[in-house]
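Colleague: Fold the following.
(chains A and B)
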Amino acid sequence: DVKVTQSSRYLVKRTGEKVFLECVQDMDHENMFWYRQDPGLGLRLIYFSYDVKMKEKGDIPEGYSVSREKKERFSLILESASTNQTSMYLCASNSGRASGELFFGEGSRLTVL
Amino acid sequence: AQTVTQSQPEMSVQEAETVTLSCTYDTSESDYYLFWYKQPPSRQMILVIRQEAYKQQNATENRFSVNFQKAAKSFSLKISDSQLGDAAMYFCAYRGHNNDMRFGAGTRLTVKP
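Modeller: I've put the predicted structure just below:
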């Protein structure tokens, strides 16, 4: 069974803290993605990676960075968390095929106080 | 960047009836994929159905079918014989040549018994 695992389901952080969100997939997928999900806005792409050490900015990369040192792991980093980064964060992966569906993790709900 | 628009924030349907969810998109590409994803309450996002743009025939998966109008850039989802388990957020998504996936804002579907 395919699996995308996000390290934390719920996090509460303070403004200015550095936050790491980890994502691991066990499907040997080339592509990995980070989205944030907000009511009324749907899913917005933050960053994606199509190979180890490769990354591409999505639509809302400001305030975020990513790391992909190994194929199976894709980390989202908030260097200095702010209250407007309170959101649900979804990690996903898929194969390099254009028709490849995305497989999602369960999500990480981050609250920044 | 490509945009995906879902103009119905909420829809409701009576159990056993049929409902259609709307989606439009904007792109200059000729070859791409379109998807509908379902996100049940507090559960992971899963794929419902996909459509390849170069195929004229509308995709069908059991009770789920699409109406793909390429010239109009429209991709609606029809759910027949609606069941209580169909209640969820539904997201329309676009995937183009650069492999990133763009989502609409979502439609919340309620199924009334």
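Colleague: Please enumerate the strands of chain A.
Modeller: All strands of chain A, identified by DSSP state E, fall at A:4-6, A:10-13, A:19-21, A:23-25, A:31-38, A:42-49, A:56-57, A:65-70, A:73-78, A:87-94, A:103-104, A:108-112.
Colleague: contacts for stretch B:28-37?
Modeller: A:98-99, A:101-102, B:2, B:21, B:23, B:25, B:45-54, B:64, B:66, B:68, B:75, B:77, B:90-97, B:101, B:103 (Cβ atoms under 8 Å, 6 or more residues apart in numbering or on different chains). No exception for glycine: its C-beta is placed from N, CA and C like everyone else's.
Colleague: Quick one: distance of it to the chain centre.
Modeller: The chain centroid and the centroid of stretch B:28-37 are separated by 11 Å, computed with Cα atoms, centre = their mean, to the nearest Å.
Colleague: Which positions in that stretch come out as buried?
Modeller: Neighbour-count burial for stretch B:28-37 flags B:Y32, B:Y33, B:L34, B:F35, B:W36, B:Y37 (criterion: 16 or more other Cβ atoms under 10 Å in any protein chain shown).
Colleague: now do stretch B:100-113
Modeller: By 16+ other Cβ under 10 Å, the buried positions in stretch B:100-113 come out as B:D100, B:M101, B:R102, B:F103, B:G104, B:A105, B:G106, B:T107, B:R108, B:L109, B:V111.
Colleague: farthest-separated two in those?
Modeller: Largest separation among the buried residues of stretch B:100-113 by Cβ to Cβ: B:D100 and B:V111, giving 32.0 Å.
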